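Colleague: Provided below for reference: sequence and predicted model.
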Amino acid sequence: MKTYKQDGFEIIVKNNPKTPRACISCYFSIDNAAKYAGVNSLIARLLVRGTNKRTAEELTLELQNNGIELSSEARQDYLKAETVFLNQDFDLAKEILHDVLENSTFLETSKEIFKLKGEITANLDSSVAKVSDKFTRTLFEGHPYGNTVTKTLEEADFITADILKDFYKIILKSKKVLVAVGSFEDEEKVLNILKNEFLFLQNHEPKGDIKDFKVIEEDKTVKIIKNSANQAHILQGWLVGTADSEDYAKLVVMNNLLGSSGLSSRLFYELRDKQGLAYTVRSSYEVLRHAGILSFYIGTSPKNINKSLDGFKTEIIKLRDNLPTEEELQGAKENVLGRLAYFSQTNEQQANMMARDLIFNRGTDYREKYVQMINSVTRKDLSDMAGKYLTGKSLIAVIAPEEYLDF
């Protein structure tokens, strides 16, 4: 593996011999708050829709004719653009990625806003989407993390192509990471080619203005009336440690044991199998740069809202007061590490994993450290995490018919 680092720009080249398809993945740190909700998403959608050199139609045709995949996406903390291609198409693929990153026109902004609003409106027919949106928007009110799809619907019509271009220029000057993984026999040569090709990215003006969000100071419940719903959807969440926290690996394993491992998780077994409360029940641990959110979700009969919330509490107290078995602990660890292995097999997966680690300042050896951290988690750690985080203040969001929301 060869590396280059200069002025907020890092390049990594990794050789995986005899693999037919390669990936170049470029991540940009998002350190500033956009003027309107939806800006980041629209930049990602339009970034690959034509440049000063290639119209959208020409770009699509060239990619199809050469079997090259080109994509982009925006998350709360980063913007990603990547290309996946056959090894022999390296020169064309990296040139197209360069063109897209430097010369995108954002010409179809109005059209893309119309499409985005339609997609959001259709998606919000889902009760799960509505309750998730309400939960996130309430939890991060006044913070960019709270720029949910409903807020995007409210603000999208204020967005112009110039606003997108200006904010993209800010993103281009943020910290950035480019990772290439493929069958590269001469890693040094590939590194030098990428340095020259993406020289325009070697500019860095760290001017982040994203402020801290408000912590949960008291238990809060938000309710959404949907009289046509035949299910209640409940989301309860707590602010917990991020990936930089000493508790990170412990939280990952605890989440797996409680509800993210499907049929073998405690929430599934206790609330669905034994009590018959749930159609669906799970937990999740979302890790952002500035926040960690551990949440429980259940879809249940509206008459079982209180029973479900009590069930959540019971499982938390049970874990806090009683150490899990060694078998449970090892099963959770194996599940976590098994997923890690499964989702890091292809060159694309490896490039993305490495780029994310680097954009969050975790280093190129973070995977090995992560495995060690997971393996070091103890039974007591899981009980301690339940007591430290899940008995604290929480936010609950519920969507159900009005007659069931009096609780």
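Modeller: Arrived safely. Note that this is a predicted model, so its numbers are computed, not measured.
Colleague: give me the residues contacting stretch 315-326.
Modeller: Applying C-beta atoms under 8 Å, 6 or more residues apart in numbering, the contact partners of stretch 315-326 are 254, 257-258, 266-267, 270-271, 379-380, 382-383, 386-387, 390-391. Every residue, glycine included, has its C-beta placed from N, CA and C.
Colleague: recalculate using a threshold of 7 Å.
Modeller: 257-258, 266-267, 270, 379-380, 382-383, 386-387, 390-391 (C-beta atoms under 7 Å, 6 or more residues apart in numbering).
Colleague: same check, this time on stretch 19-28
Modeller: By C-beta under 7 Å, 6+ apart, stretch 19-28 touches 78-87, 90, 93-94, 97, 101, 171, 174, 176-183, 347-348, 351-352, 355-356, 359.
Colleague: what does stretch 259-272 give?
Modeller: By C-beta under 7 Å, 6+ apart, stretch 259-272 touches 257-258, 277-278, 281-284, 296, 298, 308, 311, 315, 331-332, 335.
Colleague: off-centre distance for it?
Modeller: Distance of stretch 259-272 from its chain centroid, counting by C-alpha atoms, centre = their mean, to the nearest Å, is 23 Å.
Colleague: that stretch: end-to-end distance?
Modeller: 11 Å (C-alpha to C-alpha, to the nearest Å).
Colleague: for stretch 99-114, same thing?
Modeller: Per C-alpha to C-alpha, stretch 99-114 runs 26 Å from first to last residue.
Colleague: pull out the buried positions in that stretch.
Modeller: 100-101, 104-109, 112-113 (16 or more other C-beta atoms under 10 Å).
Colleague: hmm, Lys173 and Asn203 touching each other?
Modeller: Yes: under the criterion of C-beta atoms under 7 Å, Asn203 makes contact with Lys173 at 5.5 Å.
Colleague: okay, the two: which has more neighbours?
Modeller: Lys173 (17 against 13; other C-beta atoms under 10 Å).
Colleague: any idea which helix or strand carries the residue nearest to that one when sequence neighbours are not counted?
Modeller: Closest residue to Lys173 apart from its sequence neighbours, by C-beta to C-beta, 6 or more residues apart in numbering: Glu205 at 4.3 Å. Under the criterion DSSP states H and E, no helix or strand holds Glu205.
Colleague: in this structure Glu205 contacts Leu172, no?
Modeller: No: at 9.6 Å, Glu205 does not count as touching Leu172 under the criterion of C-beta under 7 Å.
Colleague: so for those two, which sits in the more crowded spot?
Modeller: Leu172 (17 against 10).
Colleague: good, we can wrap up now.
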